[in-house]
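S.K.: have a look at this prediction, sequence included:
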Amino acid sequence: MKGPRPPKGQMGKLFKQAQRMQSEMARVQEEIARMEVEASAGGGAVTARVNGQMELLSIKFDPDIVDPEDVETLEDLVIVAVNKAIEEVRAKSDEQMAELTGGMGAMSGMGMPKMPF
């Protein structure tokens with residue numbers, strides 16, 4: 001069952017608002033994709049840099065923590081640093097999208113692009 005149609009002028013206004021929202025959504029997604037976040041673990045022993053597309057860009061080690069006898073600790077620190085960087089990108093992305101959509105999330109179904117994660 002269809003409800004009453006808005007007056008013709010309002011339809012045009014709604015359409016323009018949707019177009020602006022879609023344009024703004026694309027701009028924010030581009031901004032997020034260019035974002036780079038750094039996070040560290042072990043008090044700075046391992047530092048990971050991740051971009052907004054969740055790609056690992058670099059990983060750095062404090063030479064003092066590289067111990068051939070204890071590779072397992074280094075592996076654990078790498079995992080922690082990378083996961084922290086990814087979580088920070090997600091949090092910043094969610095925050096930017098929430099600001100844009102007023103907390104509604106991605107408007108999939110309305111022609112709005114979805115986030116890649």
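M.R.: Yep, that arrived. Numbering: from 1, shown residues only.

S.K.: tell me the mean pLDDT for the helix or strand harbouring residue 12?
M.R.: Taking DSSP states H and E as the criterion, residue 12 maps to helix 8-34. In this model, helix 8-34 carries a mean pLDDT of 86.

S.K.: again, but for stretch 79-97
M.R.: With pLDDT averaged residue by residue, stretch 79-97 scores 93.

S.K.: report the buried residues of that stretch.
M.R.: Burial within stretch 79-97, assessed by neighbour count using 16 or more other Cβ atoms under 10 Å, is assigned to 80, 81, 82, 84, 85, 86, 89, 90, 93, 96, 97. (Glycine included, C-beta is placed from N, CA and C.)

S.K.: check which helix or strand covers the fourth one.
M.R.: What that stands for is residue 84. Counting by DSSP H and E, residue 84 is found in helix 71-101.

S.K.: quick one, that helix and helix 8-34 angle?
M.R.: Comparing the axes of helix 71-101 and helix 8-34 via axes from the mean of the first three to the mean of the last three Cα atoms, to 10 degrees yields an angle of 160 degrees.

S.K.: name the SS class of residue 38, please.
M.R.: Per DSSP: H, G, I helix; E, B strand; the rest coil, the secondary structure class of residue 38 is strand.
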